[in-house]
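S.K.: sharing a model that was predicted from the sequence below.
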Amino acid sequence: MDIRTKLVFALVAVTLGSMLAFGAFMYRTAGEMIDDAAAEQLEGLAESSTDAVENIVNGWEERVQLVASRTQLRINLREFNASSDPDARTSIKRILDDAAGSVQTIAALATYGRDGRLVAQSGGNADSILAVLYPMSRAESTDRVRFLGVSFTPDGFPRVAYGTRLTIDGEREGFLFVLLNGRRLVDLTADSAGLGDTGELMIVMPDPEGARTLHPVRASGPEVLGDVLLVGERDPARLAVEGEEGLFQEGLVDYRGKTVWAATRYISKTGWGLVVKFDEAEKRDAVYRFREEMVSVALTLAGFGIFVAVILGFRFAMPIHSLAEVARQIGEGDMSARATVKREDEIGLLARTLNQMADELQERVTELHEFQKFFEVSINLLCIAGTDGYFKRTNPAFEKALGWDRGKLLGHPFLELVHPDDVRATQDEIDKLAEGIPTISFVNRFRCADGSWKWLHWTSYPEPESGLLYAIAREIEGPQDA
Amino acid sequence: MDVLLFLQLFSGLIYLLFGGDLLVRGAVALARKFHVPPMIIALTVVAFGTSLPELVVVVQATLTGYPGLVLGNVVGSNIANVLLVAGAAAVVFPLTYGEHSVRRDTLFMVATSVLLVVLCWNGALGLLDGAIMLGGLVVVNALTAGEAARAFRDSELKAPLEWVLGLPTNVWVILLFIAAGAVFLPIGAELVVDASVEIAAVLGVSDTVVGLTVLAVGTSLPELATTVSAAIRKRTDVAIGTIVGSNMFNILAILGVAAAISPQPIAVPRGFFSLDLPVMLGAALAISVLAWLKRPVGRTAGVMFLVAYAAYLLLLVLRTQGLVF
């Protein structure tokens, strides 16, 4: 594989690796971040909603207190207790009517005398409720305004009952009961701002049959007010009304059977529970979407990494690539190929050196070519032989004079071609040469291919380091008697 | 406007190119490992593999329900290839004709473009239209296969160093190339289609318009880069052949596949007949006439092409604003 590809691969691997690490980190962190954010959101909403409910409750108490503090009411009640004076009853009735008329929240009022009989009332249909609530409160021993309970109108709206003892100079004269519209509570739970797509704010009120929840149901069809909706053991409404406050991000299942995350609060003054909840699925969706977005971003960045990697790979590897191309051309015998890379770094040095080597090589090749010519055209017999007794190279004149082809000359020990009478002398001469003593003049006979003998006059020069002999032979006329 | 969407589109194109290259190299290396003759490799693996990025995008866009993206991209690419790519390159250096087959190929391209207009006439591209286009692809390939083989034989005489060294030899590396390519291509397609659809939503235009413009220019960027850089080096003899081949392939293969696999017929917007298809046909004719007259595409023609492209984009913008047509 080429360097460019390797380089690109390495850079891409680094990019993808870091993006993968980033992605994995974000993947894990995203979940935690959204969990934390959801927790804060739930806690915040629970806190502010609790404050709102408490404000409403305090407002109600103040209104009841306002009515109870009317001195005229208590004086008239004492008079009525003492004399059953119809005028006193009328006065009481007027005061109650006045209060019901001026305070919009008040649905109904009633005053009971010391003996527990109804003295006067204002507003409609409060009787039955008061009849239930009265025995609960007649033992009341302080002047405190006390929350008595909730009833629901046929169309499902809550009405909240308060009562207080009426006294003059510490003497108990009777009771005041006030029934207030709970409309503001419904408005509060109906406001789904900040609750996402599935979130609900619920006010849960204890009930002999379990609990009633006060909230317009967003998730399933028509509004449900005041239905008994406690289903499972781990229903956030149940936890809230049982006074278990806290934040729950697992294991809660609401009235619809959906897994939810919830924050619960307990309103101690009224004994109500407050629940803020989201469907877990919505939060999981948010995590999923966020993670998907993160993956997209990571992939996009990694794509740019690949782009940069490819560009860098090209930039860094291209000079090496072109040097390799030049080296290949030279290797294939194209001595004119030269590198054109001009740089100040190692690659530039490599290019310059390659060009120098190519120049040098070209020069040597030219020289060699010139000497080759001498070797080939010489009429003298030129050869390079080893002290091992073999010719290494012979020139064309050699083959022409003796008639042997090059294969025969190089393939056999040359002593085989020397005349048997000259072998000993030749061997001695070779031994001398092996010791580094040049041969100035030596004569022996060589066998020709046609079987005749030729006298050769040798001049040799040894090169002991390489064990080679450089020899020149000349054909001479041998003695006539040979 | 979310810049990240354009980055995502660009990044997706990078994945497509990189993944396609890896897959082709891996496949070629594998084929060589099994001693498949180089000629067969060139005509099958390389020819098919280099078109894979486009095909992956087509499949992704069509199956996720945005076939308009493909239609827009094909028509927009064909316009951009001639007017933008050839135009820009010709301004740098005149485009000449190196191959003898260019004139015949331009004839094929014009015929293919006319075929597309005819198939679009009933307002939708369905399975039958797709089959006709794919059939046309087979015919054109059959007619030109012999020549491609000859061209390859000539080019093989001097294999560039990339082909000698650029291919992995180790089996594991080969498999890594193929696997990485197979992973990158769908990622790229997903990013490109996703970004295009979101860009369309942000700009408030149809996916077809995004295909015609943003995606078309995006997919023409590699060609633009290679052709212009070739023009800078004054080697423009293959540019027109490449553009003509790419335009033919766009219609016959890309749109053919999209029409064939789309669950519903691909709707052709009315505006196509008054602007986009005429411009595509006109661009194809313009470059073909120059080829038939053996006139190089010179600087004047190049400038005219670029002006025409700018005018086309302007009309397209005006149309999306409801100001014309």
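M.R.: Nice, thanks for sending it over.
S.K.: which ones are touching whatever residue of the stretch 151-300 of chain A ends up closest to chain B?
M.R.: Minimum separation of the stretch 151-300 of chain A from chain B (Cβ to the nearest Cβ) falls at A:Thr300, amounting to 4.3 Å. Every residue, glycine included, has its C-beta placed from N, CA and C. Under the criterion of Cβ atoms under 8 Å, 6 or more residues apart in numbering or on different chains, the contact list for A:Thr300 reads B:Leu4, B:Leu7, B:Gln8, B:Ser11, B:Gly12, B:Leu191.
S.K.: find the helix or strand that it is a member of.
M.R.: Using DSSP states H and E, A:Thr300 sits in helix A:280-331.
S.K.: low-confidence ranges in chain A?
M.R.: Residue ranges of chain A with pLDDT under 70: A:124-142, A:208-211, A:214-232, A:479-482.
S.K.: where exactly do the helices run in it?
M.R.: Under the criterion DSSP state H, helices of chain A are mapped to A:3-68, A:71-83, A:86-102, A:127-137, A:183-190, A:236-241, A:280-331, A:346-377, A:396-402, A:406-411, A:423-434.
S.K.: tell me what the fifth one is packed against?
M.R.: Using 3 or more Cβ pairs under 8 Å, 6 or more residues apart in numbering or on different chains; DSSP states H and E as the contact criterion, the neighbours of helix A:183-190 among helices and strands are helix A:3-68, strand A:200-207, strand A:210-214.
S.K.: now do the buried residues in it.
M.R.: Of the residues in helix A:183-190, those buried by neighbour count under the rule 16 or more other Cβ atoms under 10 Å in any protein chain shown are A:Arg184, A:Leu185, A:Val186, A:Leu188, A:Thr189.
S.K.: let me see the contact set for the first one.
M.R.: Counting by Cβ under 8 Å, 6+ apart, A:Arg184 touches A:Ile56, A:Thr105.
S.K.: what residues sit buried inside stretch B:183-203?
M.R.: Those buried within stretch B:183-203 under the rule 16+ other Cβ under 10 Å are B:184-200.
S.K.: narrow the contacts of A:Thr300 to just the buried residues.
M.R.: Buried by 16+ other Cβ under 10 Å: B:Leu7, B:Gln8, B:Ser11, B:Gly12, B:Leu191, out of these.
S.K.: give me the neighbour count for A:Ser69.
M.R.: By the measure other Cβ atoms under 10 Å in any protein chain shown, the count of residues near A:Ser69 is 12.
S.K.: show the contacting residues for residue 103.
M.R.: No chain was given, so I picked chain A. Taking Cβ under 8 Å, 6+ apart as the criterion, A:Val103 is in contact with A:Arg63, A:Leu66, A:Val67.
S.K.: actually it's chain B I care about, not the one you picked
M.R.: Listed by Cβ under 8 Å, 6+ apart, the contact partners of B:Arg103 are B:Tyr97, B:Ala291, B:Trp292.
S.K.: from these, pick the one nearest chain A.
M.R.: In terms of Cβ to the nearest Cβ, no member of the contacts of B:Arg103 lies closer to chain A than B:Tyr97, at 28.7 Å.
S.K.: so that closest one touches B:Lys294, yeah?
M.R.: Yes: under the criterion of Cβ atoms under 8 Å, B:Tyr97 is in contact with B:Lys294, at a separation of 7.2 Å.
S.K.: which one of those two has more residues nearby?
M.R.: For B:Tyr97 versus B:Lys294, the count of surrounding residues by other Cβ under 10 Å is larger for B:Tyr97: 21 against 10.
S.K.: find the nearest non-adjacent residue to B:Gly256, please.
M.R.: Sequence neighbours aside, B:Met133 is the residue nearest to B:Gly256 in space, at 3.3 Å (criterion: Cβ to Cβ, 6 or more residues apart in numbering or on different chains).
S.K.: which residues touch the one you found?
M.R.: Neighbouring residues of B:Met133 by Cβ under 8 Å, 6+ apart: B:Leu115, B:Leu116, B:Leu119, B:Ile251, B:Leu252, B:Ala253, B:Leu255, B:Gly256, B:Ala259.
S.K.: could you give the number of residues near the closest residue to A:Asp97 other than its chain neighbours?
M.R.: Residue nearest to A:Asp97 in three dimensions, not counting chain neighbours: A:Ser122, with 4.7 Å by Cβ to Cβ, 6+ apart. As a burial measure, the neighbour count of A:Ser122 was computed by other Cβ under 10 Å and equals 21.
S.K.: ok, and what's touching stretch B:219-236?
M.R.: In this structure, residues lying in contact with stretch B:219-236 by Cβ under 8 Å, 6+ apart are B:13, B:17, B:54, B:57, B:73, B:77, B:80-81, B:84-86, B:88-90, B:92-96, B:238-239, B:242-243, B:246.
S.K.: tell me how far whichever residue of chain A sits closest to chain B lies from A:Glu292.
M.R.: Relative to chain B, the nearest point of chain A is A:Gly303 (2.7 Å; Cβ to the nearest Cβ). In this structure, A:Gly303 and A:Glu292 are separated by 16 Å, where distance is defined by Cβ to Cβ, to the nearest Å.
S.K.: test my guess that A:Pro206 contacts A:Gly271.
M.R.: Yes: here A:Pro206 lies in contact with A:Gly271, judged by Cβ under 8 Å, at a distance of 5.7 Å.
S.K.: overlap in contacts, those two.
M.R.: If you check A:Pro206 and A:Gly271 against Cβ under 8 Å, 6+ apart, the residues they both contact are A:Val241.
S.K.: closest to B:Thr106 among the contacts of A:Val103?
M.R.: Minimum separation from B:Thr106 among the contacts of A:Val103 (Cβ to Cβ) is found for A:Arg63, which lies at 91.7 Å.
S.K.: residues in contact with that closest one?
M.R.: For A:Arg63, the contacting residues are A:Val103, A:Thr105, A:Ile106, A:Val178, A:Leu180, taking Cβ under 8 Å, 6+ apart as the criterion.
S.K.: next step: the buried residues of stretch B:183-203 restricted to helices.
M.R.: Assignment to helices by DSSP H places the following of the buried residues of stretch B:183-203 there: B:184-200.
S.K.: run through those and flag the ones next to chain A.
M.R.: Checked against chain A using Cβ under 8 Å from any Cβ of the partner chain, these yield the following neighbours: B:Ile187, B:Gly188, B:Leu191, B:Asp194.
S.K.: including pLDDT, could the residues you listed go into TSV?
M.R.: Listed next are those as TSV, based on pLDDT from 0 to 100:
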residue	pLDDT
B:Ile187	90
B:Gly188	89
B:Leu191	89
B:Asp194	87
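S.K.: what is the nearest of those to A:Cys448?
M.R.: Minimum distance to A:Cys448 across those is 79.6 Å, recorded for B:Gly188 (Cβ to Cβ).
S.K.: tell me which parts of chain B are close to chain A?
M.R.: Contact residues, chain B versus chain A (Cβ under 8 Å from any Cβ): B:4, B:7-8, B:10-12, B:14-15, B:18, B:161-162, B:165-169, B:173, B:187-188, B:191, B:194.
S.K.: of the contacts of A:Thr300, which pair is most distant in space?
M.R.: Taking Cβ to Cβ as the measure, these span a maximum distance of 12.2 Å, between B:Leu4 and B:Gly12.
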